[in-house]
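Student: A predicted structure for the sequence below; I have some questions about it.
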Amino acid sequence: MWAGSDCPVMKPETPEPAPLTSTAEPLTEPIFERQPAESAKAFEAAQMYYELGPQRSHAAVAKALHKQVSLINRWSGRWRWVEHARAWDRAIERARHAEIQKQVAAEAQSSAIDSVVTAQRTTLELPSRSGLSNRVMTLAVVLFRLNL
């Protein structure tokens, strides 16, 4: 007697799915550098693809390099351009963010120095009974600037 799913008549005859295979090469170098087996032409095409930004497409690269789109598609799959393009975009965004932070810090430092200079001028304009001489105030400003 056959038990449930053991019955050969009850089992559907479906072939095993083919294992997923990838033609992508494993990376041995950092993501934006040419890989050992990657041709110079494929690497040049990849760089062009990354630099196209949001408008990137295989067709645009093929047209610019006078290559067949099918070749660009093969290179893209083999060298994982889409993955690299995402990493490229993240790196560009991080660089933009770092530059903005640098500018904000420079503006804040400039503003702080302007505030000290204004305070120094105001103090120097006070009557002499404030008890601070010009030398003491100059020394205070120098010390402040050294701590920035």
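Tutor: Sure, I can see it. Numbers count the residues shown, from 1 in each chain.
Student: Next, residue 87: phi, psi?
Tutor: Dihedral pair for residue 87: phi -60, psi -40, per degrees, to the nearest 10.
Student: What does the pLDDT read for it?
Tutor: Listed pLDDT for residue 87 reads 88.
Student: Could you report the neighbour count for the nearest residue to it once chain neighbours are set aside?
Tutor: Of all residues not flanking residue 87 in the chain, residue 31 sits nearest, at 5.1 Å (CB to CB, 6 or more residues apart in numbering). C-betas here are computed from N, CA, C, even on glycine. Residue 31: 13 surrounding residues under other CB atoms under 10 Å.
Student: Would you mind confirming that residue 60 makes contact with residue 51?
Tutor: No - shown here, residue 60 and residue 51 do not form a contact pair, counting by CB atoms under 8 Å, at 10.7 Å.
Student: Buried residues, stretch 64-78. List them.
Tutor: Using 16 or more other CB atoms under 10 Å as the burial criterion, the residues of stretch 64-78 that qualify are 71-72, 75-76, 78.
Student: Roughly how far does residue 55 sit from residue 79?
Tutor: Separation of residue 55 from residue 79 (CB to CB, to the nearest Å): 20 Å.
Student: What is the lowest-mean-pLDDT helix or strand in the chain packed up against?
Tutor: Lowest on mean pLDDT, DSSP states H and E among the helices and strands of the chain sits helix 134-147, with a mean of 72. With contacts taken as 3 or more CB pairs under 8 Å, 6 or more residues apart in numbering; DSSP states H and E, helix 134-147 sits against helix 81-125.
Student: Now do the helix it packs on: which elements does it pack against?
Tutor: Judged by 3+ CB pairs under 8 Å, 6+ apart, helix 81-125 is in contact with helix 40-51, helix 134-147.
Student: The first one vs helix 81-125, what angle?
Tutor: Relative orientation of helix 40-51 versus helix 81-125 (axes from the mean of the first three to the mean of the last three CA atoms, to 10 degrees): 50 degrees.
Student: Please consider this matter closed, and thank you.
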